[in-house]
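Engineer: what shape does this take:
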Amino acid sequence: MSREAEAVVLGAGPSGLAVGGALRMKGVSFEVLERADAPGHTWRTHYDRLHLHTVKQHSSLPGLPWPAHVPMYPSRDEVVAYLEAYARHHRIEARLGETITRVRRDGDRWAVEHTSGTTRARHVVVATGYNRVPHIPTWPGREGFAGEVIHSGAYRNGRAFKGRRALVVGAGNSGAEIALDLWESGARTALCVRGPLHVVPRDVFGIPAQVNSLRVMSRLPPRVADRLSLLMLDRVVGDLSPWGIRRPAIGPVSQVLVNKQIPLIDVGTVALIKQGHIRVVPGIARFTEAGVALDDGSALDLDLVVLATGYRPALDAFLDDAPRYTDARGYPTHFGADAPAPGLYFVGYRNPLTGALHDIAREATAIAAHIARSA
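Structural biologist: As a prediction, the model looks like this:
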């Protein structure tokens, strides 16, 4: 089956829905293709205790604020409910169960090949997700490990792991929060911190970290913002090296801009580390039958390893000439209305200090305005 459309949006997560909402408000016709069986699929499958680390006032999508009754930091289920309400509000009826197999240039249009056929459009917005495919590193000996290994994308809660010995690999926001959840569920928990790490409390002196970034840090030159950030972190976080967490040589703002790595937004894990409840360990050298051998020569006996090792966008799985549009890690080098080719746009592939949803809303609005002007 072949179809024609003015614009095709690939993905019905927050990014795709935001673009759909912004296009609807501009009066541009569009189609949304989604491989899952419901919009917001990734949020529906996140671990149970997850909350936004950004405040709702700065995390709404174009054209619909968060309901008044939702708390400042919405839960996973509240995010899902908001995305469902957003789709209804903007009359976005995504075509579900549509896996994208190829996106290619076809004359003066783009041809999107998907499960039910091909859709040709002047504009294609790629919003298939920052976290599309789990990244699972390999280690020697893993096949002989007698315990359980799961990616953080498959983790829901720690109830089944009470009394078990658990290691979380990766100290990003998901890894740190899963370690907290495992300990609260009664697991004996360790956290693998593989490199230097900036730690920022979610709230500093009662002010959300995101608000500080929006009002102050994002308005300053990076070197100045780094100096101010480090002065603040010296006071509210201090030196964590006695507990195995070293601060990077580069400042937190520059780390985001240069290395695309945001600080750990702490919601209680660091306190448990300082109290000795969660043990910080270095990287894994290899797996053993009983657990893991670590880079410092020590070993851990384990029942469970949770790999909070991130994701990849895997755009090269469907986008022709993907290296032309992406960096060495596979993430787009152009965002929002800044199109790398006529009619090709990317949204939702940054992880900024100011918050992913805040950034998505701005990118979606810019894309919709650009498409409307060229219609």
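Engineer: where exactly do the helices run in the stretch 201-350 of the chain?
Structural biologist: With DSSP state H, counting those that start in this stretch, the ranges of helices along the stretch 201-350 of the chain come out as 209-215, 222-236, 252-259, 269-274.
Engineer: in CSV: those, plus distance to F145 and mean pLDDT.
Structural biologist: No exception for glycine: its C-beta is placed from N, CA and C like everyone else's. Converted to CSV, those look like this (distance: least, CB to CB, whole Å; pLDDT from 0 to 100):
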stretch, distance to F145, mean pLDDT
helix 209-215, 37, 77
helix 222-236, 37, 90
helix 252-259, 31, 84
helix 269-274, 25, 97
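Engineer: to A375, which of these lies closest?
Structural biologist: When those are compared by CB to CB, helix 209-215 sits nearest A375, at 32.0 Å.
Engineer: ok now that closest one, how far from the chain's centre?
Structural biologist: In terms of CA atoms, centre = their mean, to the nearest Å, the centre of helix 209-215 is set 19 Å apart from its chain centre.
Engineer: can I get it in PDB, CA atoms only?
Structural biologist: Taking Å, rounded to 0.1, in the frame of the first residue of the first chain, the C-alpha atoms of helix 209-215 are listed here in PDB:
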ATOM      1  CA  ALA A 209      18.300  21.800  39.600                       C
ATOM      2  CA  GLN A 210      16.400  22.300  36.300                       C
ATOM      3  CA  VAL A 211      15.200  25.700  37.400                       C
ATOM      4  CA  ASN A 212      18.800  26.700  38.200                       C
ATOM      5  CA  SER A 213      19.900  25.500  34.800                       C
ATOM      6  CA  LEU A 214      17.100  27.400  33.000                       C
ATOM      7  CA  ARG A 215      17.500  30.700  34.900                       C
END
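Engineer: OK, contacts around the residue lying closest to V193 once chain neighbours are set aside?
Structural biologist: In space, and not counting its chain neighbours, V193 is closest to A171: 4.5 Å by CB to CB, 6 or more residues apart in numbering. Counting by CB atoms under 8 Å, 6 or more residues apart in numbering, A171 makes contact with L191, C192, V193, R194, L197, I245, L264, A308.
Engineer: which SSE is the residue nearest to the first one when sequence neighbours are not counted in?
Structural biologist: Using CB to CB, 6+ apart and skipping residues adjacent in sequence, the residue nearest L191 is A179, 4.5 Å away. Mapping A179 onto the secondary structure by DSSP states H and E places it in helix 173-184.
Engineer: buried ones in stretch 33-41?
Structural biologist: Buried residues in stretch 33-41, counting neighbours by 16 or more other CB atoms under 10 Å, are found at L33, E34, R35, A36, P39, G40, H41.
Engineer: would you mind measuring from G158 to D181?
Structural biologist: Distance, G158 to D181, by CB to CB, to the nearest Å: 5 Å.
Engineer: quick check: domain ranges of the protein?
Structural biologist: With domains defined by automatic domain parsing, the chain comprises 2-132+311-374, 136-307.
Engineer: looking at the buried residues of stretch 33-41, which is nearest L230?
Structural biologist: Nearest to L230 out of those is G40 (CB to CB; 36.7 Å).
Engineer: show me the helices in the stretch 1-150 of the chain, by range?
Structural biologist: 14-26, 41-44, 76-89.
Engineer: between the helices of the stretch 201-350 of the chain, which one is nearest to F346?
Structural biologist: Using CB to CB, the helices of the stretch 201-350 of the chain put helix 252-259 closest to F346, at 18.0 Å.
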